[in-house]
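Enquirer: Attaching a predicted model along with its sequence, questions to come.
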There are 2 protein chains.
Amino acid sequence: VLDGDALVTDPVRMEKYRRDRAEDPGAGMPLAVVRAGSTADVSAAVAWAARHRVVVVPRGAGTGLSGGASALDGCLVLSLERMRGLTIDLETRTAHVEPGVLNVELKRAAAEHGLWYPPDPSSYEICSIGGNLATNAGGLCCVKYGVTTDYVLGLEVVLADGRVVQLGGPRYKDVAGLPLTKLFVGSEGTLGVITRGILRLVPAQRRPATLVATFPTTADAVRAVLAITARMRPSMLELMDATSINAVEDMTRMGLDRSAGAMLVVQSDEPHAAAAEEMAVIETACTDNGATEVLATDDPDEGEAFVQARRSVIPAVEKHGRLLLEDVGVPLPRLGDLVTGVEQIAADTGTRVAVVAHAGDGNTHPLVVVDPTDPTSEERAMVAFDRIMRLAVSLGGTITGEHGVGRLKRPWLDAQLGDDVIELNRRVKRALDPDGILNPGIVD
Amino acid sequence: VLDGDALVTDPVRMEKYRRDRAEDPGAGMPLAVVRAGSTADVSAAVAWAARHRVVVVPRGAGTGLSGGASALDGCLVLSLERMRGLTIDLETRTAHVEPGVLNVELKRAAAEHGLWYPPDPSSYEICSIGGNLATNAGGLCCVKYGVTTDYVLGLEVVLADGRVVQLGGPRYKDVAGLPLTKLFVGSEGTLGVITRGILRLVPAQRRPATLVATFPTTADAVRAVLAITARMRPSMLELMDATSINAVEDMTRMGLDRSAGAMLVVQSDEPHAAAAEEMAVIETACTDNGATEVLATDDPDEGEAFVQARRSVIPAVEKHGRLLLEDVGVPLPRLGDLVTGVEQIAADTGTRVAVVAHAGDGNTHPLVVVDPTDPTSEERAMVAFDRIMRLAVSLGGTITGEHGVGRLKRPWLDAQLGDDVIELNRRVKRALDPDGILNPGIVD
């Protein structure tokens, strides 16, 4: 029943469906790619795969950073990119979205009605809602506004045998039965394929005021972070280390301070008087903790330029080599230990590691650079990659705050969760996908 | 290893552990009650029960309204009331709570540090966090601030075989493995026993402004509700019908308008200028939709008196007879159909039904009164109870928005979820509790 364009078996055309943004070198060769156009297509494809015990790897826009959409040899890649339905329901303040809709498209559609969908991965202009739901994606505003799951009221899911179920609905409250809606958010396509989401929208964000501060060291910046979060809740609190600052400056020439050890980008979106109070708290926290320069602005465009600088860290650092992308997070009081520990690991392994962080929620992205001119670099980078995840776990943290485990971080999952919780993951996985055909190798 | 006070087998002393606030007439006689003092006690009790295939019914403060803690014959009632540990961690803005802590105690402890735990069931002064977590409890502020699960970052859970696992932690972002933390919130003790929660706290709520409006009919009031929610997001939006108003006035003599068909209590907690704007929107929405009287106040005590009136509806109506407590919810645009449908059902069955509603999130509590002076009343009340839940389902709604399914609403769960989702519930239940010893008869 699939139309001609929906089934791809030509190896050349399949190439771009084999990997996501993590560029997993171990990605396999699929049997075929199904570019589903509807829930019925997804259901038919999964039912076929179940019948033939063929593994299904769902994928959205392919912007994943953990290899959750890396193809496996002989699998069916199930692309949701063509499912792009989107309606805004004003009366229930919800969006009804198909998985191929980009995050930015949802934001824009909501904004037309004075509403807002907060979750904002740095890749929001190119990542899809399906992937956001599959990974429980985060972003920059989460420190105040929470993560994807906090906005999910209902889902349509295709189960491992091809059946379609509706979970939840456009209701803020519904406790009938187990909370299965939430179980699928962040399950990385291992329990079912999400074909529709019903998402809560909130009033448009007020224009934020922005403060940018530079510090001699990351340790100083982290102390300022803790001084801020202990006293207020900013709507954004981002950290860039010297390597990140210089990489962005190389690319943008926007005049960032190349001599700074770290930079914070902080926003308050409270109404006027309250924002002024918050900005004063933020400024004091920065100057008290050694800030060398502080710039505050009410101008949204000027503020957005710094946020854009922050968002461009990954592409900027990537110019220096292939990246092994970390997504480690810790309870806030351990953020300093994590950041200085990463610096030590970079020194020990002789590896370039740029640190950019959603500092306000303790979620950091050390970017481990594989130097393409040095044949020994890859091995050293892998040592650093491993040690950073083990450090986060030892600090009571997580190996992944918002990107997902994917195939690239699976080897470290046991160290974080322990045997009992891993077994619990497996039991739930087996209950919903007894033949193990849905995106295996992530939680099982 | 249990101390003398922890094990209760005397039938007289066990009596108060047999039922929750739903006063389930079908509650059974337990084998024993364990009043656990620690996670180790809970673990030992569940492990013992698993070994002897004895059913475990966990309970918190016993304020549940769906019979989720009704004892079963020969079961072990596992009371968490003695587990009352509570610490506030300022650096991570989290509360670490044991299940016996009351909601009000958590709110007070947070308030001492300028922080707030929003979820606020009407029973917040007597209900425990353990029960709140088990039912994913809601309340009055949910229309703006969400429900219990939105505040849960981590849990300690005793599994069906007595093992203790730690899920999540004091981190806003963590996507390592399946989202099992969220799976336990609202699972009503059917998958495990929650022995500790790590809960997100937010800045203290600003003092709200309050508007109270009376209307000739509930239909008028519901139109005002939709006019409000289409334009803004109040921090509270509650509805009382004439029966509720009169029952509360009988009890409090506070001067409510006995002739009104409905009353709304609406709050805005935005900062000063924004609150004034919101209050103007609310007032216009009310007067445009036939409000006969509108009272607005910035005085928090005066506002709280009306909120207290709203909170006292259940005890006030209960003076007229035993209550069958509904908790039905619908997508907001169907709220009018639900409320007028309930009135029709009350008329058809000759039954007194008081409607009180968290109108802003579409969650209503029709209270079906069993007249103790009329022997035919119980049967008619049960017909009304049944028809109201079927009506909600037919309107795309839920049989329970925030109270839980319990044993009293289980017969209606299939009608809402359908065979496939019921089977999905059973698969997850079996995966985590293969012998079916944890609070059976709710999702299985």
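Expert: Perfect, thanks for sending it.
Enquirer: Stretch A:286-303: end-to-end distance?
Expert: 17 Å (CA to CA, to the nearest Å).
Enquirer: Next, see if that stretch gets close to chain B.
Expert: No: with CB under 8 Å from any CB of the partner chain as the criterion, chain B is not reached by stretch A:286-303; the gap is at least 15.0 Å. Glycine gets a C-beta too; all of them are placed from N, C-alpha and C.
Enquirer: next one: stretch A:239-248
Expert: No: Stretch A:239-248 stays clear of chain B (CB under 8 Å from any CB), getting no nearer than 14.7 Å.
Enquirer: So which residues of the stretch 251-400 of chain A form strands?
Expert: Ranges of strands within the stretch 251-400 of chain A are A:262-268, A:293-297, A:322-325, A:353-358, A:363-370, based on DSSP state E, counting those that start in this stretch.
Enquirer: Tell me the strands beside the second one, with direction?
Expert: Yep, that's strand A:293-297 we're talking about. The pairing partners recorded for strand A:293-297 under DSSP bridges are strand A:209-215 (antiparallel).
Enquirer: Up against chain B, what does the stretch 101-250 of chain A have?
Expert: A:135-136, A:138, A:142-143, A:146-147, A:149-150, A:159, A:163, A:165-167, A:169-180, A:182-183, A:185-187, A:190-191, A:202-203, A:226, A:229-230, A:232-233.
Enquirer: Of the residues you listed, grab the buried ones for ChimeraX.
Expert: Buried residues among these (16 or more other CB atoms under 10 Å in any protein chain shown), as a ChimeraX selection:
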select /A:135,136,138,142,143,146,147,149,150,159,163,165,166,167,169,170,171,172,173,174,175,176,177,178,179,180,182,183,185,186,187,190,191,226,229,230,232,233
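Enquirer: which ones among the residues of the stretch 101-250 of chain A next to chain B are found in helices?
Expert: Counting by DSSP state H, these place A:T135, A:C142, A:V143, A:L180, A:K182, A:L183, A:L226, A:T229 in helices.
Enquirer: how about the residues you listed in CSV, adding pLDDT?
Expert: Output for these, formatted as CSV (pLDDT from 0 to 100):
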residue, pLDDT
A:T135, 98
A:C142, 95
A:V143, 95
A:L180, 98
A:K182, 98
A:L183, 98
A:L226, 95
A:T229, 93
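Enquirer: which among those residues gets closest to B:P366?
Expert: Using CB to CB, A:L180 comes nearest to B:P366 of those, at 26.4 Å.
Enquirer: Who are the contact partners of that closest one?
Expert: A:L180 makes contacts with A:L167, B:V421, B:L424, B:N425, B:V428, as judged by CB atoms under 8 Å, 6 or more residues apart in numbering or on different chains.
Enquirer: ditto for A:L31
Expert: A:T9, A:V54, A:G74, A:C75, A:L76.
Enquirer: Now, of these, which are buried?
Expert: Listed as buried from the contacts of A:L31 are A:V54, A:C75, A:L76; burial here means 16+ other CB under 10 Å.
Enquirer: Report pLDDT for the second one.
Expert: Think A:C75. pLDDT recorded at A:C75 is 98.
Enquirer: That one contacts A:R53, doesn't it?
Expert: No: the pair A:C75 / A:R53 is not scored as a contact, 11.2 Å apart, by CB atoms under 8 Å.
Enquirer: Show me the beta-bridge partners of the residue nearest to A:E283 when sequence neighbours are not counted.
Expert: Computed as CB to CB, 6 or more residues apart in numbering or on different chains, the closest residue to A:E283 that is not its neighbour in sequence is A:V294, at 5.8 Å. On the basis of DSSP bridges, A:V294 takes part in beta bridges with A:A213.
Enquirer: Give me the neighbour count for A:V294.
Expert: Applying other CB atoms under 10 Å in any protein chain shown, we find 16 residues neighbouring A:V294.
Enquirer: Over to A:T373?
Expert: For A:T373, the neighbour count with other CB under 10 Å is 7.
Enquirer: same question, A:L7
Expert: For A:L7, using other CB under 10 Å, the count is 14.
Enquirer: per-residue pLDDT, it?
Expert: A:L7 is assigned 94 on the pLDDT scale.
Enquirer: can you check the one 5 residues further on too?
Expert: pLDDT, the model's per-residue confidence, is 95 for A:V12.
Enquirer: And what about it, helix, strand or coil?
Expert: Per DSSP: H, G, I helix; E, B strand; the rest coil, the secondary structure class of A:V12 is helix.
Enquirer: Report the contact partners of it.
Expert: Counted by CB under 8 Å, 6+ apart, A:V12 has zero contacts.
Enquirer: if I look at it, how far off is A:L31?
Expert: 15 Å (CB to CB, to the nearest Å).
Enquirer: ok, now A:M254?
Expert: A:M254 is 47 Å from A:L31, by CB to CB.
Enquirer: residue contacts, the nearest residue in space to A:S187 that is not next to it in sequence?
Expert: Ranked by CB to CB, 6+ apart and with sequence neighbours excluded, the top spatial neighbour of A:S187 is B:L178, at 5.6 Å. Contact analysis of B:L178 by CB under 8 Å, 6+ apart lists A:L183, A:G186, A:S187, A:T190, A:L191, A:N425, A:V428, A:K429, A:V443.
Enquirer: what's near enough to touch the third one?
Expert: Going back to what we said before, that points to A:S187. For A:S187, the contacting residues are A:A134, A:V443, B:L178, B:P179, by CB under 8 Å, 6+ apart.
Enquirer: Any chance of the residues you listed in CSV with pLDDT as columns?
Expert: Rendered in CSV, the data for the contacts of A:S187 read as follows (pLDDT from 0 to 100):
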residue, pLDDT
A:A134, 98
A:V443, 93
B:L178, 98
B:P179, 98
